[in-house]
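1. would you be able to build a 3D model of this:
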Amino acid sequence: MAQRFYRQVIRDSDLTYFNVVVKQSDLFIGARHNLKDKALKSLLKYRSSLEKYIAHHPLFLTTLDPYSAGTDAPSIVREMSQASLIAGVGPMAAVAGAIAEAVGKELLPFSAEIIIENGGDIFLKIARKRLVGIYAGESPISGKIALEIKPEETPLGICTSSGTIGHSLSLGNADAVIATAASTCLADIAATAIGNIIKTEQDIPGALAKAQEIEGLSSIVIIMGKKVGTWGKIKIIPINSKLKK
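-> Reported below is the predicted structural model:
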């Protein structure tokens, strides 16, 4: 497994950090204290419900089209399905964000602050302003900027899709598409949907327009080489100057 060096960017000294791993799910969690046992139990529960559903509905795993789950489906499946219908892509594009959010919400009763990163997709509930660094592969902007997130904006999902890095499927060529939404599940699938549109820099304006049509999406940041496109309520700051203060 490649080293997840971008995790160091979001690490803050006032939180306790730990990892929970089950198969493909590799969660990096920050909380007021170590909640590893509770996080593992939660992760196993949600993975099990997904796996059992997929065993009986294999199309959920493979389709790249919107998917409508029945009312008897597990809650995480229904949330992924609803996000799929909103964004117009397959439900598994939301899986990392959906798991991060589901586990995060279960941990909140035990910690006033929770940050969960799962494959570049983040769920966070915070009590003070924090920075989330942006990694965008070979782009010269990568590692040099961050999103500034305020407590009143959370719980919040911050999710990234890339056509040039990582193992997740993207049909586009953007170095990074970062989406934010109150629903981490929606942010995850929206990042994929918008990322699929971007083949060249000329596609950025159209992709930003498309983002505005996704109900529930708060903001979008698109990075391709030296080009950056943004829409929505988001604050981007130079990360190095901030860290020097």
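2. touching, Ala176 and Leu147? I think so.
-> No: between Ala176 and Leu147 there is no contact, the gap being 11.6 Å when judged by C-beta atoms under 8 Å. In short, each C-beta sits where N, CA and C put it, glycine included.
3. what about these two, which has more around it?
-> Between Ala176 and Leu147, counting by other C-beta atoms under 10 Å, Ala176 is the more crowded of the two (26 against 23).
4. list the contacts of the more buried one.
-> Listed by C-beta atoms under 8 Å, 6 or more residues apart in numbering, the contact set of Ala176 reads 134-137, 139, 142, 160-162, 165, 221-223.
5. just the ones of those residues in strands?
-> When strands are assigned by DSSP state E, the members of the contacts of Ala176 inside them are 160-161, 221-223.
6. on that earlier part again, mutual contacts of Ala176 and Leu147, please.
-> Joint contacts of Ala176 and Leu147 (C-beta under 8 Å, 6+ apart) are 134, 221.
7. what's the burial count for Asp14?
-> For Asp14, the number of neighbouring residues by other C-beta under 10 Å comes to 10.
8. quick one: low-confidence residue ranges for this structure.
-> 1-11, 163-172, 240-245 (pLDDT under 70).
9. can you give me the strands for it?
-> Counting by DSSP E, the chain forms strands over residues 16-22, 25-31, 114-118, 121-125, 130-133, 145-149, 156-161, 176-181, 217-224, 227-232, 236-238, given from the N-terminal end onward.
10. in JSON lines: those, plus distance to Pro91.
-> As requested, those are arranged in JSON lines below (distance: least, C-beta to C-beta, whole Å):
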{"stretch": "strand 16-22", "distance to Pro91": "20"}
{"stretch": "strand 25-31", "distance to Pro91": "16"}
{"stretch": "strand 114-118", "distance to Pro91": "16"}
{"stretch": "strand 121-125", "distance to Pro91": "15"}
{"stretch": "strand 130-133", "distance to Pro91": "25"}
{"stretch": "strand 145-149", "distance to Pro91": "26"}
{"stretch": "strand 156-161", "distance to Pro91": "14"}
{"stretch": "strand 176-181", "distance to Pro91": "16"}
{"stretch": "strand 217-224", "distance to Pro91": "17"}
{"stretch": "strand 227-232", "distance to Pro91": "24"}
{"stretch": "strand 236-238", "distance to Pro91": "30"}
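11. got the angle between the helix ranked longest in the chain and strand 16-22?
-> Selection of the longest helix in the chain by residue count, based on DSSP state H, yields helix 36-56. Computed by axes from the mean of the first three to the mean of the last three C-alpha atoms, to 10 degrees, the angle separating helix 36-56 from strand 16-22 equals 30 degrees.
12. so what secondary structure elements neighbour helix 36-56?
-> The criterion is 3 or more C-beta pairs under 8 Å, 6 or more residues apart in numbering; DSSP states H and E, and the helices and strands that helix 36-56 contacts are strand 16-22, strand 25-31, helix 59-62, helix 75-87, helix 95-107.
13. show the contacting residues for Asp65.
-> With C-beta under 8 Å, 6+ apart, Asp65 has these contacts: 89-90.
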